[in-house]
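Asker: Fold the following.
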Amino acid sequence: MLEEAANSGGSATGIAGKVLQDLNPLVLDGNNLTIADVDSVARGRRAVVIDDGAWQRMEAARRTIFAVADQGLPVYGLNRGVGWNKDLEISPDFFEAYNRNLLLSHSAGVKPEADTDVVRAVMLARLNGLLTGAAGVQPELAGRYADFLNLGIHPVLPLRGSVGAADITSISHIGLAMIGEGEAHMDGSRVPALEALKAAGLAPLRLGPKDGLAVVSSNALSAGNGALALYDMEKLLETADRIYALSLEAIRGNVSPLDEAVHRKRPFPGQLKSLGIVRSSLAGSDLWTDYNPESLQDPLSFRDACQIHGAARDAHDFTSRQLVLHLNSSDDNPCVLSDEQRIVSCANYDPLSWTLGFEMLGSALHHVSKSSCHRIIKLGDPRFTGLTRFLTADTSRSVGFCTVQKTATSLDAEIRHLSNPVSADYLSLAGEIEDHAANSPYVVSKTREILDRLTYILAIELLHAAQAVDLRGGLTLGHASWAGYKSLRRAVPFLSEDRNQSEDIERAYRLLKDGTWLNDIHLALNTKASV
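Answerer: Numbers count the residues shown, from 1 in each chain. Here you go, the predicted model:
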């Protein structure tokens, strides 16, 4: 009869270190993880606790693993090899060594390395998947993920190398740290993983049957990083809505496209959400009564913003639903069905459903980017604004925003390139057994690159809108627009004469990137609501 190797020297409950001091730990049960939860653990350093029911499911699955193996049945990754080596028999006395070798041989990722936030998101994604009870691992393995999160042990994780049919080449490095090999970041230092374990009072984990496969065979890299991308995108779309509102005020645009009754005749959810945000930004603005009556049909970049941003919102909502389903499911092969006492080989690791959602996000975000660039160009054109060319404060002595147009449009070109699909660019590997993949880590990675470039473009639009408001003078802005205008002006003064534009762009970018600008608006709206 197969026997479980005993682990010692550390917490197997995931209730360690920081969690004892955290008054609001995230309780994980394998079923209810949200994108906001991922952000709170990854960036907010929130502690985690494993639900009792999840422990019971893992224990039942582990018993099933041994029960089936005792019947002499071949089980992929348990008593048989993996990949093209699926026909190789693994004897019980070789389990620990084989699983160690599995981690070492699959650790093939290359730089760049993930930052700490991404590493935490990846570990959380894999931990929650294990709690579904379909992996059949020793429960101590799940406890080790929780310990790493709570004690701040962050394995060095290379981001490139996975083809997106389980992120085996990258996340194997997390398993290495658990057994005391490889490297990890802890307390701001990069140290050998064994040193980090000792500092935390943990012993290297002894791997049992199927443990190695469960560590390497998961889409946790793309799923965890993807959750952070979706969290950021939701914030950025609100930012885009509110910057557009300020731009509309700056050109004295037509508000008829913001008539709610019109949008109700075509009630796409994302479109209505963007409309609500734009109208809230313009609440209290004199634009409703003092717009240019000749602007019967503004340029489409001003007229269609709610539809364009709304389409991106709808794409975001679809992708979020698909990814949340994945985060609360098992992508293990084989899949352990404890209630039926079966272990079934499967392809649940295929992430195409939500990977296609991220491909769609690239296209949607490019529409947002292109629309913003068109508004930037028109904000610098006297034919649309009635103001000076390039919004210069002194036409005889300064150039204004002339060259900044090139910065924005070059970033848009990069976004266009990054929006090209790549999920279908795979080859047939491992003896032509593995002839499908989705390149999910790269699809997610390029989505985050798009978001970063779009943040710069929106920062440039914000600079233009605020400059136009100043040049026009005497405007009564909407309450939220006024708060956003003041927030920018605290960081970037009016462009009264030519100066280094890169510095202004970077200040505005940081204001958007770290959430300060949006938080200032929310604070103003909440303060007004409480008065």
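
Asker: Now do the lowest-mean-pLDDT helix or strand in the chain: everything it contacts.
Answerer: None of the helices or strands of the chain scores lower by mean pLDDT, DSSP states H and E than helix 95-106, at a mean of 82. Residues outside helix 95-106 that contact it (Cβ atoms under 8 Å, 6 or more residues apart in numbering): 5, 82, 90, 168-169, 172, 175-176, 179, 181, 206-213, 215-216. Bear in mind the C-beta positions are built from the backbone N, C-alpha and C, glycine included.

Asker: what does stretch 281-300 give?
Answerer: Residues contacting stretch 281-300 (Cβ under 8 Å, 6+ apart): 241-242, 245-246, 248-249, 251-255, 257-258, 303, 371, 374-375, 378, 384, 475-482, 484, 521.

Asker: measure that stretch end to end?
Answerer: Stretch 281-300 has its terminal residues 20 Å apart, counting by Cα to Cα, to the nearest Å.

Asker: List the buried residues in that stretch.
Answerer: S281, L282, G284, S285, L287, Y291, S295, D298, P299 (16 or more other Cβ atoms under 10 Å).

Asker: now the third one, what's its secondary structure?
Answerer: Assigned state for G284: coil (three-state reduction, DSSP: H, G, I helix; E, B strand; the rest coil).

Asker: Look up how far A524 lies from it.
Answerer: 11 Å (Cβ to Cβ, to the nearest Å).

Asker: same question, S222
Answerer: Taking Cβ to Cβ, one finds S222 at 37 Å from A524.

Asker: Distance from the one helix or strand R62 maps to to the middle of the chain?
Answerer: Using DSSP states H and E, R62 maps to helix 52-70. Offset of helix 52-70 from its chain centre (Cα atoms, centre = their mean, to the nearest Å): 32 Å.

Asker: what sits up against it?
Answerer: 1-2, 4, 28-30, 75, 78-79, 130-139, 142, 209-210, 336-338, 341-343.

Asker: ok, back up a step: ChimeraX command to pick out the buried ones of the contacts of stretch 281-300?
Answerer: The buried residues among those can be selected in ChimeraX (16+ other Cβ under 10 Å) with this line:
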select :241,242,245,246,248,249,251,252,253,254,255,257,258,303,371,374,375,378,384,475,477,478,479,480,481,482,484,521
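
Asker: Show me where the stretch 1-150 of the chain has its strands.
Answerer: 26-28, 48-50, 110-113 (DSSP state E, counting those that start in this stretch).

Asker: between G284 and A524, what contacts are shared?
Answerer: Joint contacts of G284 and A524 (Cβ under 8 Å, 6+ apart) are H479, W482.

Asker: and the helix or strand hosting S372, what does it pack onto?
Answerer: If you go by DSSP H and E, S372 is part of helix 352-379. When contacts are defined as 3 or more Cβ pairs under 8 Å, 6 or more residues apart in numbering; DSSP states H and E, helix 352-379 sits against helix 220-251, helix 300-303, helix 305-327, helix 382-385, helix 404-418, helix 440-472.

Asker: Any idea which of these gets closest to D394?
Answerer: helix 440-472 (10.8 Å; Cβ to Cβ).

Asker: Please point out which parts of the closest one sit buried.
Answerer: Buried, per 16+ other Cβ under 10 Å, within helix 440-472: 440-471.

Asker: gap between S410 and G400?
Answerer: For S410 relative to G400 (Cβ to Cβ), the value is 19 Å.

Asker: Can you give me every residue that contacts I460?
Answerer: I460 neighbours (Cβ under 8 Å, 6+ apart): I376, V404, T407, A408, I505, A508.

Asker: ok so, going back, for S222 and A524, work out which one has more neighbours and name it.
Answerer: Neighbour comparison, S222 and A524: the larger count goes to S222, with 32 against 18 (by other Cβ atoms under 10 Å).

Asker: Apart from its neighbours in sequence, what residue is nearest that one?
Answerer: Nearest-residue entry for S222: S440, 3.7 Å, with adjacent residues in sequence omitted and distances by Cβ to Cβ, 6 or more residues apart in numbering.

Asker: can I assume that neighbour is in contact with P351?
Answerer: Yes - assessed by Cβ atoms under 8 Å, S440 is found in contact with P351 at 4.8 Å.

Asker: shared neighbours of the two, anything?
Answerer: Joint contacts of S440 and P351 (Cβ under 8 Å, 6+ apart) are G164, N219, S222.

Asker: residue contacts, the first one?
Answerer: By that I understand G164. 219, 222, 351, 355, 423, 426, 437-443.

Asker: low-confidence ranges in the stretch 1-150 of the chain?
Answerer: 1-22, 76-87, 89-94 (pLDDT under 70).

Asker: rerun that using 50 as the cut-off
Answerer: 1, 5-6, 8-20 (pLDDT under 50).

Asker: And the helices in it?
Answerer: For the stretch 1-150 of the chain, the helices defined by DSSP state H, counting those that start in this stretch cover 35-42, 52-70, 95-106, 116-130, 139-151.

Asker: CSV for those, including mean neighbour count and distance to G276?
Answerer: Output for the helices of the stretch 1-150 of the chain, formatted as CSV (neighbours: other Cβ atoms under 10 Å; distance: least, Cβ to Cβ, whole Å):
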stretch, mean neighbour count, distance to G276
helix 35-42, 22, 20
helix 52-70, 18, 38
helix 95-106, 20, 48
helix 116-130, 26, 30
helix 139-151, 26, 36
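
Asker: Give me the neighbour count for K528.
Answerer: 13.

Asker: That one against G478, yeah?
Answerer: No - contact criterion Cβ under 8 Å: K528 and G478 do not qualify, at 10.9 Å.

Asker: what about the closest residue to L411 other than its chain neighbours, distance to L124?
Answerer: In space, and not counting its chain neighbours, L411 is closest to R453: 4.5 Å by Cβ to Cβ, 6+ apart. R453 sits at a distance of 27 Å from L124 (criterion: Cβ to Cβ).

Asker: got it, and S222?
Answerer: 14 Å.

Asker: next one: G30
Answerer: Distance from G30 to L124, by Cβ to Cβ: 12 Å.

Asker: Over to Y509?
Answerer: 28 Å.

Asker: And for L33?
Answerer: Taken as Cβ to Cβ, the span from L33 to L124 is 8 Å.

Asker: again, but for S396
Answerer: 58 Å.

Asker: got it, and R303?
Answerer: 42 Å.

Asker: next one: D290
Answerer: Distance from D290 to L124, by Cβ to Cβ: 51 Å.

Asker: Kindly report the same for D317.
Answerer: Counting by Cβ to Cβ - D317 and L124 are separated by 22 Å.

Asker: Surely L463 is in contact with F401?
Answerer: Yes - between L463 and F401 there is a contact under Cβ under 8 Å: 7.3 Å.

Asker: Settle this for me: P112 is touching R160, isn't it.
Answerer: Yes - counting by Cβ under 8 Å, P112 does reach R160; the two are 7.2 Å apart.

Asker: Between those two, which has more neighbouring residues?
Answerer: Higher neighbour count among P112 and R160: R160, with 14 against 9, using other Cβ under 10 Å.

Asker: For that one, grab phi and psi.
Answerer: Main-chain torsions, R160, degrees, to the nearest 10: phi -110, psi 150.

Asker: wait, what's in contact with L458?
Answerer: Counted by Cβ under 8 Å, 6+ apart, L458 has contacts L236, T239, A240, I243, S372, L512.
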